[in-house]
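> what's the 3D shape of this:
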Amino acid sequence: MPAPTAAVVWGDYNIPGVPSSGNKWPKKAEARAWGAWLESFITGIGASGGSIYLTRASLFADLSHPANDMAWVIQDPTIAYNGVYRKVGSIGSGNWTRVADLPYSFIEANNSGAGTANAIQADSSIPVSDSALVLLNIVATNTVSPVTVAFNGGAVLTIKSNSGNDIAVGGLPSGMLVMGRLDGSTFRLVSDQVSGAIVAAAEAAQAAAEAARDDAEAAAAALLFRLYATVAEAEAATIPNTAAYIAIVETDSGVLYFSRETSDPGTGNRFQSADGAWWVAVSVPTSLDQIIRAWKITSVRNRVHMGGHSNAYDNSNSISGGYSVNGAGRTFVHGAVARASWQDGYIRQVKVHVPANGGDAGNGIKLKILRANGSSYDVIATSPLIPVGAGTGLKTINIAAFGPFNMGDFVGFFMTGGTSTKSWTIGTNAANSIKYIIGDAVGGEVYTTEANADPCFEALGAPAFVTTDGDSLMEGHNLGTGNMWHSPADVGPTGNRNADPFYKALPSLPGVNYENVAVGGSTWANLVSRQTTWVTRAKSHSVVIMCGVNDIVNGRTWAQVEADMNTYLATLDAGTRLFLCEMIPYPGTDAQAATIRDWNARYATWCDNNGAFLIPAWAAMGQLRVSTGFNDTLIAAYNIGDGHLTTAGVNALAGLIADGFLAKIV
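You can find the predicted model right below:
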């Protein structure tokens with residue numbers, strides 16, 4: 001059970017806000033629990049070199065810290081004041097700037113029943129904020145609508161469903177676990193309460209009404225988190241593939257959480273459900289992981305670039321000649337640099353066109369993730385045999401997630417052989433060629449080139465979780481020529497991962513895959529001109545942009561840039577999250593430096609007005625420029641000489657992007 005907060009220990013009344021419940025006398029056990037928690041918290045922070053304050057006022061009164069010292073505010077009555085702060089200015093002067101929420105992405109709140117079924121009172125050992133996902137237990141079924149909740153004796157919040165509606169009568173049944181986050185004066189649930197109510201009703205009626213059970217499970221198919229009483233119950237269940245996690249409620253150790261795996265991991269507390277999925281015990285899952293898993297499972301499929309041209313799979317023309325080679329089959333790959341994958345991810349679907357003389361194409365294919373190694377390819381992964389089916393023409397085949405593949409990898413396939421000399425027929429395309437070997441590739445083989453040909457094949461996967469866009473700083477165009485990634489413009493490699501700040505941020509963003517469409521020299525006008533082809537097509541969960549310096553250097557006005565930003569935002573699919581990174585100091589004129597500062601402030605206002613999220617970067621990347629009195633000069637260790645970044649600079653920017661992204665994505 002979490003330690004109570006100070007508001008609970010020394011509350012005025014037995015039930016917060018209800019004088020008739022009687023005056024509350026502090027309980028020694030609660031006071032000891034709260035004190036022990038606070039002591040351990042302070043000890044932990046002190047060991048990391050930071051400072052801790054109960055209120056923001058006490059922090060602001062202490063300026064005896066050097067620049068860049070860290071401090072935490074953990075129990076300010078104003079929830080928004082709690083957070084991580086950074087000291088600005090020298091000892092005895094300057095100020096404290098809030099830079100992040102307290103780093104708790106998942107908080108367990110305890111509903112002990114002190115409130116009512118319709119006015120819930122819950123306590124947590126960590127201050128609840130709008131950047132944290134909160135797990136809340138329901139002890140009594142609600143009998144009215146709306147339903148409210150108050151955390152740690154704080155403001156009363158109206159509980160809203162995922163779609164923004166009041167909770168229906170009976171929508172929060174006793175024994176249910178719900179997840180949600182603070183949203184202004186409301187507590188917004190992650191999964192819709194109506195689906196939860198259907199699931200609960202179906203479980204109660206399972207023995208008597210199989211049809212009702214089936215309807216309920218279909219209605220609840222989009223739920224991310226499933227609950228089961230025992231491991232035995234979960235083992236016997238066919239768990240929808242939309243469930244990334246399950247919870248086993250009735251165990252000696254309390255609630256246990258399990259994460260979905262596609263195969264037996266071989267170690268750990270694990271079991272297999274009736275649908276074939278493996279479940280491995282994990283700690284309380286982070287909200288970022290839940291969001292990413294849900295995205296990979298439910299997002300639309302997207303072309304990941306295979307074939308000589310768009311819709312290459314639908315090329316029904318053919319050339320003569322058999323590819324069975326006495327039953328050995330062949331491995332094909334479209335090895336042109338511009339045909340490599342332009343994103344990271346997993347393949348979820350393949351499309352093929354079997355021409356009229358396709359012979360034994362129905363025998364099946366194996367997908368191959370191939371990575372160029374000199375003049376040959378390493379085989380990174382091989383899928384199980386995928387039946388193509390009998391007959392000819394266009395075929396769309398959905399598969400379990402296969403991968404992962406990286407930007408720059410090639411997606412090939414092995415076509416099984418057969419008795420016919422024409423087990424696979426290649427489409428004609430005078431502008432392209434493909435490569436093949438006889439047999440099932442294992443790596444290191446020497447491939448033969450087939451000119452004027454297309455493979456009549458295309459691989460599709462879940463869209464990248466993030467698309468990055470902008471100018472050369474986001475593109476990553478310097479620091480060597482290795483580790484190239486590829487844009488979706490069919491123009492070959494453009495960026496370099498060594499200098500790509502979002503790639504460098506990935507270790508802090510576990511599970512995130514991304515697609516980089518930034519191009520050096522871009523202005524906001526350039527971003528808008530290629531957006532429909534690149535960014536809108538990507539259909540990512542989030543878009544992260546860093547742009548503006550080239551607009552300033554080229555004399556564009558704020559009015560022009562703002563108009564471009566509005567156009568860019570309007571073209572994004574509904575629900576796409578837009579993150580805008582501040583411009584960092586640039587080695588230009590003082591006037592240009594002043595414009596960067598002005599536009600960064602305008603970026604912040606624009607984000608507030610348009611539901612976008614600003615990623616602070618300017619202050620942390622700059623040092624004092626005497627002629628302006630501001631941090632308008634890029635830190636020397638970060639500057640490669642022309643305003644582009646050294647390895648240290650890329651890593652510093654990557655850390656800022658990761659922090660800003662995490663602060664708002666969950």
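> Which strand residues bridge Tyr85?
Beta-bridge pairing of Tyr85 under DSSP bridges involves Ala71, Arg98.
> Distance check, it against Asp101.
For Tyr85, the distance to Asp101 (C-beta to C-beta, to the nearest Å) stands at 11 Å. To be clear about C-beta, it is placed using only N, CA and C from the backbone, and glycine gets the same treatment.
> of these two, who's got more company?
Tyr85 (24 against 20; other C-beta atoms under 10 Å).
> how near is the more buried one to Trp96?
4 Å.
> what do those two both touch?
Common neighbours of Tyr85 and Trp96, using C-beta atoms under 8 Å, 6 or more residues apart in numbering, are Leu59, Ala71.
> Go ahead and confirm Ile657 touches Pro501.
Yes: applying C-beta atoms under 8 Å, one finds Ile657 in contact with Pro501, separated by 5.6 Å.
> residue boundaries of the helices in the stretch 101-250 of the chain?
193-204, 210-219, 231-235 (DSSP state H, counting those that start in this stretch).
> which SS class is Asn550?
Of the three states, Asn550 takes helix under DSSP: H, G, I helix; E, B strand; the rest coil.
> Tell me who's in contact with it.
Counting by C-beta under 8 Å, 6+ apart, Asn550 has contacts Asp471, Gly521, Ser522, Thr523.
> Provide the count of other residues in contact range of the residue lying closest to it once chain neighbours are set aside.
Counting by C-beta to C-beta, 6 or more residues apart in numbering, the nearest residue to Asn550 once its immediate chain neighbours are dropped is Thr523, at 4.7 Å. When neighbours are counted by other C-beta under 10 Å, Thr523 registers 21.
> what do you get for Ser508?
14.
> try Thr557
What Thr557 shows, counting by other C-beta under 10 Å, is a neighbour count of 11.
> What distance do you get for it to Asp469?
Taken as C-beta to C-beta, the spacing of Thr557 relative to Asp469 amounts to 21 Å.
> how about the strands in the stretch 101-250 of the chain?
Here the stretch 101-250 of the chain has its strands, by DSSP state E, counting those that start in this stretch, at 106-109, 119-122, 133-137, 148-151, 156-160, 177-183, 186-189, 225-228, 245-248.
> among the ones you listed, which gets the worst mean confidence?
Among those, strand 225-228 carries the lowest mean pLDDT, a mean of 66.
> just to revisit the earlier point, contacting residues around the residue nearest to Asn550?
Asp471, Cys547, Asn550, Asp551, Asn554, Arg556, Asp564.
> hmm, try it at 7 Å
Shown in contact with Thr523 (C-beta atoms under 7 Å, 6 or more residues apart in numbering): Asn550, Asp551, Asn554, Arg556.
> Including pLDDT and distance to Ser161, could those go into CSV?
Putting these into CSV (pLDDT from 0 to 100; distance: C-beta to C-beta, whole Å) gives the following:
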residue, pLDDT, distance to Ser161
Asn550, 96, 44
Asp551, 97, 42
Asn554, 96, 48
Arg556, 96, 44
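> Specify the next element, helix or strand, located C-terminal of the helix or strand harbouring Gly35.
Using DSSP states H and E, Gly35 sits within helix 28-47. On the C-terminal side of helix 28-47, the closest following helix or strand by DSSP H and E is strand 51-53.
> So in that sheet, which strands flank that following strand, and in what orientation?
By DSSP bridges, strand 51-53 pairs with strand 70-73 (parallel).
> Extract the CA atoms of the partner strand and return them as PDB.
In PDB, the C-alpha atoms belonging to strand 70-73 read as follows (Å, rounded to 0.1, in the frame of the first residue of the first chain):
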ATOM      1  CA  MET A  70      19.100  20.600 -10.200                       C
ATOM      2  CA  ALA A  71      16.300  20.700  -7.600                       C
ATOM      3  CA  TRP A  72      12.900  18.900  -7.200                       C
ATOM      4  CA  VAL A  73       9.700  20.400  -5.700                       C
END
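> Touching that strand from outside, list them.
So strand 70-73 is contacted by 45, 50-53, 55-56, 59, 81-86, 96, 102 (C-beta under 7 Å, 6+ apart).
> related to what we said a few turns ago, between Ile657 and Pro501, which has more neighbouring residues?
Pro501 (27 against 24).
> how close does that one sit to Pro510?
On the measure of C-beta to C-beta, Pro501 and Pro510 end up 17 Å apart.
> Report the rounded mean pLDDT for the helix or strand Ile399 falls within.
With elements taken from DSSP H and E, the one containing Ile399 is strand 393-405. What strand 393-405 shows for mean pLDDT is 74.
> swap in stretch 523-535?
For stretch 523-535, the per-residue pLDDT averages 82.
> Show me where the stretch 451-600 of the chain has its helices.
472-475, 501-505, 524-531, 537-538, 549-553, 558-571, 590-610.
> Need the residues that contact stretch 565-578.
524, 527-528, 531-532, 536, 539-543, 606, 610, 612-613.
> Tell me how many other residues crowd Tyr81.
The burial count for Tyr81: 17, using other C-beta under 10 Å.
> For it, which non-adjacent residue is spatially closest?
Arg56 (4.0 Å).
> how close does the one you found sit to Ala604?
21 Å.
> And Ala328, by the same measure?
As judged by C-beta to C-beta, Ala328 and Ala604 stand 63 Å apart.
> Next: Lys87.
From Lys87 to Ala604 the distance is 21 Å (C-beta to C-beta).
> Which stretches in the stretch 351-500 of the chain count as strands?
Using DSSP E, counting those that start in this stretch, the strands of the stretch 351-500 of the chain run over residues 365-373, 376-382, 393-405, 410-415, 427-438, 448-454, 457-461, 466-470, 484-486, 493-496.
> Can you report how many residues lie near the residue nearest to Ala381 when sequence neighbours are not counted?
Among residues not flanking Ala381 along the chain, Ile369 sits closest, at 4.3 Å (C-beta to C-beta, 6+ apart). Counted by other C-beta under 10 Å, the residues lying close to Ile369 total 23.
> Likewise for Leu370?
By other C-beta under 10 Å, 27 other residues sit near Leu370.
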